[in-house]
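Student: give the three-dimensional model of this entry:
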Amino acid sequence: MAYNPNILKEALQARRLTTAQLSQKLGIDPTELNRELRRTPEPKQGFLKVLAHELVLPPFVFYMKHLPALEEAIPDFRSTTPEIEAKSRQTIEAIKLADGIQQWIARLQASPASNLPKFTASTDKDIDRFALKAREYFAITLKEQQEAKDSRAFYLIIRRKIEEKGIIVLQDSWPREDGSGFCLADSKHPLIVINTQQQTRGRRLFTLIHELAHVLMGKTGISDPFVRKNAIERRCNRFAGSFLVPQSYASILLGSVTRDPDVSDVRWAAGKLKISQEATVLRLEQIDLYKSGSYVKWTAQVHDANPDYSEKGGGGKKPPAQEKVKLAKYGFTFAKLFKHFLDDGRISEINLYRASGLKPKYQRSYFDYVESLSPSELQDLELEDG
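Tutor: Numbers count the residues shown, from 1 in each chain. This is a model prediction of the structure:
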């Protein structure tokens, strides 16, 4: 089959990239890129592999008649009008991985998520009421929030309970400028992915509930909860704040608060609520515990050093056990489903690796570890990113 120069044009259009942007990503001069593309009878095989890698495409795609559909091209809800926008290779790879996992779950006929609440509320009061009902549906109690030792523990509690209702929650890493998380909404097998790049667990938690709102709306897309340029994002953010801090819970969790908070006041309140500092000041202003303008004041104060982006890796610590790393990445329900699929012979270890990137040598130890966890162990479980 002959090389098809039109494929690159179609790929650039699909990825929302110009030739100049592609040359920048490849780290070569535009003139050199054009020279390589105009080689006769066709560009070098090594160069085509580099192009394919950057565009997250198989190398043989340049010999096809037409570019295949790109399932990982999803809307960006950080825009005024949500639409598909250019993304980094790492972000596209994360979406592609999640899409592949979702397709395998559907293909292997996993039990679907059922009876999930439908998010149709539009006014703030209606969203607040719906969020409280959704929290009750996922069985997240005030006592659990009070007794969780920190945002890490509360994040794990909520993640596990969301997964128990059939929503897969994964973690992956991609450039911060491409958003905090995304969801692949589906009536049977919805899936959420949280970006681990620098985000503290408190910020990941707010992102998780924001993406949960997208799932309950049936709106696939990528987001940053604190970029709210359209009505959908504003509704999802209101839901996340109301879900994590119902107005009736706030005074119980906090006691009295300073109406005109400084940075230390916000940090204290976030610690009590077990959520991010930005979510704290936003929500407490919404429910009039902080005076109007507190959010704008706080964001100006931390503009150059947002504390919700300060989480770092383990440094010189001993590397965490691989089964904990896999649990952090793939979650609870993934382990339950694919252990069952492996035991039934519905998927092989090598196909599971191809679908998810989970190496065969780690599969059984991770699955067995998740199955062995007792309720008391879950209370104190510490998970680290790989």
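
Student: can you map out the helices along the stretch 51-200 of the chain?
Tutor: 89-107, 124-137, 142-147, 151-164 (DSSP state H, counting those that start in this stretch).

Student: meant to ask about the stretch 251-386 of the chain
Tutor: Going by DSSP H, counting those that start in this stretch, the stretch 251-386 of the chain shows helices at 263-273, 277-286, 294-301, 322-344, 349-356, 360-372, 375-379.

Student: weakest of these in terms of mean pLDDT?
Tutor: Mean pLDDT is lowest for helix 375-379 among those, at a mean of 81.

Student: list of residues touching it?
Tutor: Outside helix 375-379, the residues that touch it by Cβ atoms under 8 Å, 6 or more residues apart in numbering are 153, 156-157, 160. Where C-beta positions appear, they are placed from N, C-alpha and C, glycine not excepted.

Student: ok, now how distant is the closest residue to Asn306 other than its chain neighbours from Gln146?
Tutor: Using Cβ to Cβ, 6 or more residues apart in numbering and skipping residues adjacent in sequence, the residue nearest Asn306 is Glu278, 7.0 Å away. Applying Cβ to Cβ, to the nearest Å, the value for Glu278 to Gln146 is 22 Å.

Student: and if you look at Arg354?
Tutor: 44 Å.

Student: name the element Asn34 belongs to?
Tutor: helix 30-37 (DSSP states H and E).

Student: can you tell me what sits against that helix?
Tutor: Contacts of helix 30-37 (Cβ under 8 Å, 6+ apart): 5, 8, 19-20, 22-23, 26, 43-44, 47.

Student: for it, buried residues please.
Tutor: By neighbour count with 16 or more other Cβ atoms under 10 Å, helix 30-37 contains the buried residues 33, 36.

Student: what of stretch 160-171?
Tutor: So for stretch 160-171, counting by 16+ other Cβ under 10 Å, buried means 160-163, 165-171.

Student: so how far is it from its chain's centroid?
Tutor: In terms of Cα atoms, centre = their mean, to the nearest Å, the centre of stretch 160-171 is set 12 Å apart from its chain centre.

Student: and stretch 303-311, by the same measure?
Tutor: Counting by Cα atoms, centre = their mean, stretch 303-311 comes out at 19 Å from the chain centroid.

Student: with stretch 224-237 instead?
Tutor: With Cα atoms, centre = their mean, you get 15 Å for stretch 224-237.

Student: just stretch 111-122 next, same as before
Tutor: With Cα atoms, centre = their mean, you get 19 Å for stretch 111-122.

Student: how about stretch 50-58?
Tutor: 23 Å.

Student: now swap in stretch 50-69 and tell me
Tutor: 26 Å.

Student: kindly report the same for stretch 135-148.
Tutor: On Cα atoms, centre = their mean, the centre of stretch 135-148 falls 22 Å from that of its chain.

Student: any idea how far Ser223 lies from Ala321?
Tutor: Look at Ser223 and Ala321: by Cβ to Cβ, they are 32 Å apart.

Student: so which of the two has more stuff around it?
Tutor: Ser223 (27 against 14; other Cβ atoms under 10 Å).

Student: OK, contacts around the closest residue to the more buried one other than its chain neighbours?
Tutor: Counting by Cβ to Cβ, 6+ apart, Phe77 is the residue found nearest to Ser223 once chain neighbours are left out, at 4.7 Å. The neighbourhood of Phe77, defined by Cβ under 8 Å, 6+ apart, consists of 214, 219, 221-223, 230, 232-233.

Student: out of those residues, which are buried?
Tutor: 214, 219, 221-223, 232-233.

Student: including distance to Pro58, pLDDT and secondary structure, could those go into CSV?
Tutor: Output for those, formatted as CSV (distance: Cβ to Cβ, whole Å; pLDDT from 0 to 100; DSSP: H, G, I helix; E, B strand; the rest coil):
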residue, distance to Pro58, pLDDT, secondary structure
His214, 29, 98, helix
Lys219, 29, 97, coil
Gly221, 25, 96, strand
Ile222, 23, 97, strand
Ser223, 29, 96, strand
Ile232, 34, 96, helix
Glu233, 34, 96, helix
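
Student: farthest-apart pair in these, please.
Tutor: Maximum pairwise distance in the buried ones among the contacts of Phe77, criterion Cβ to Cβ, is 12.4 Å, between Ile222 and Ile232.

Student: against Arg152, how distant is Val266?
Tutor: Going from Val266 to Arg152 by Cβ to Cβ gives 19 Å.

Student: compare those two (neighbour count), which wins?
Tutor: When neighbours are counted by other Cβ under 10 Å, Val266 and Arg152 differ, and Val266 comes out ahead with 26 against 20.

Student: per-residue confidence at the residue positioned nearest the centre of the chain?
Tutor: In the chain, the C-alpha nearest the mean C-alpha coordinate belongs to Ile194, at 2.3 Å (Cα atoms, centre = their mean). Looking at Ile194, its pLDDT reads 97.

Student: can we start the residue count at 885 from this point?
Tutor: I'll keep to 885 as the first residue from here, and by that count the last item is Ile1078.

Student: for stretch 1243-1253, buried residues please.
Tutor: Buried, per 16+ other Cβ under 10 Å, within stretch 1243-1253: 1247, 1250-1251, 1253.

Student: residue ranges with poor pLDDT in this structure?
Tutor: By pLDDT under 70, the low-scoring segments of the chain are 1195-1201, 1270.

Student: and it, what are its domains?
Tutor: Listed by automatic domain parsing, the domain ranges of the chain are 890-947, 973-1193, 1206-1263.

Student: as JSON lines, those with distance to Pro966 would be great.
Tutor: Shown next, in JSON lines, are the domains of the chain (distance: least, Cβ to Cβ, whole Å):
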{"stretch": "domain 890-947", "distance to Pro966": "13"}
{"stretch": "domain 973-1193", "distance to Pro966": "6"}
{"stretch": "domain 1206-1263", "distance to Pro966": "26"}
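
Student: sorry, back to before: so which of the buried residues of stretch 1243-1253 is the closest to Asp1188?
Tutor: Closest approach between these and Asp1188, by Cβ to Cβ: Tyr1250, at 39.4 Å.

Student: what about that closest one, distance to Val1141?
Tutor: From Tyr1250 to Val1141 the distance is 42 Å (Cβ to Cβ).
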